[in-house]
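> Structure here, sequence nowhere to be found:
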């Protein structure tokens, strides 16, 4: 069992940056692949980025490549999402997720076992 707590969201102007954090409690954090998803009002939850259990493999959704960076610190049981050059279309609630499956990358929300509560990111134009 893993509990995830998202933080770091806020209001930022277009072109600005934010860093999201996801703190995990429970056993074996380092055995889980982790990801970030987002959900804008009236839209389905969509995949943003994923990182393998070791941190050695990364995967990004096309619209965030070159702007967002996912990372993890297994000693601190934390995964991060550094978001640069933010655009108004990045506005959404961002969720971290953990998966027990070993396949990578997993890009469908049903493939993840545990979820954070979400953190709001709002980018003004």
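Thanks, I have it. The shown structure was predicted, so the numbers you read here are calculated from the model rather than taken from an experiment.
> Grab the nearest non-local neighbour of the spatially most central residue of the chain.
Note on the chain: the residue nearest the mean C-alpha position is residue 36, at 2.1 Å, using Cα atoms, centre = their mean. Excluding its sequence neighbours, the residue lying closest to residue 36 (Cβ to Cβ, 6 or more residues apart in numbering) is residue 48, at 4.3 Å. All C-beta spots, glycine's among them, are computed from the backbone N, C-alpha and C.
> what's the burial count for the one you found?
25 (other Cβ atoms under 10 Å).
> same thing with residue 58?
Residue 58 has 15 nearby residues by other Cβ under 10 Å.
> List the residues that contact it.
Neighbour list for residue 58: 49, 50, 51, 52, 70 [criterion: Cβ atoms under 8 Å, 6 or more residues apart in numbering].
> Can you name the residues bridging to it?
Taking DSSP bridges as the rule, residue 58 bridges to residue 51.
> Same question for residue 38.
residue 46, residue 94.
> Identify the residues contacting it.
Residue 38 makes contacts with 45, 46, 48, 90, 92, 93, 94, 95, 121, as judged by Cβ under 8 Å, 6+ apart.
> Same check on residue 7?
So residue 7 contacts 20, 21, 22, 23, 119 (Cβ under 8 Å, 6+ apart).
> quick one: the second one and residue 1, what's the gap?
Between residue 21 and residue 1 the computed distance is 20 Å (Cβ to Cβ, to the nearest Å).
> neighbour count winner among the two?
Comparing residue 21 with residue 1 by other Cβ under 10 Å, the one with more neighbours is residue 21, at 18 against 8.
> correct me, but the more buried one touches residue 80?
Yes: contact between residue 21 and residue 80 holds when scored by Cβ atoms under 8 Å: they sit 5.6 Å apart.
> one step back: out of the contacts of residue 7, which is nearest to residue 112?
Nearest to residue 112, judged by Cβ to Cβ, of the contacts of residue 7 is residue 22 at 12.2 Å.
> Okay, and that closest one sits in which element?
Element membership of residue 22 [criterion: DSSP states H and E] is strand 18-26.
> can you give me how far that strand is from the chain middle?
Relative to the chain's own centre, strand 18-26 is displaced by 9 Å; criterion: Cα atoms, centre = their mean, to the nearest Å.
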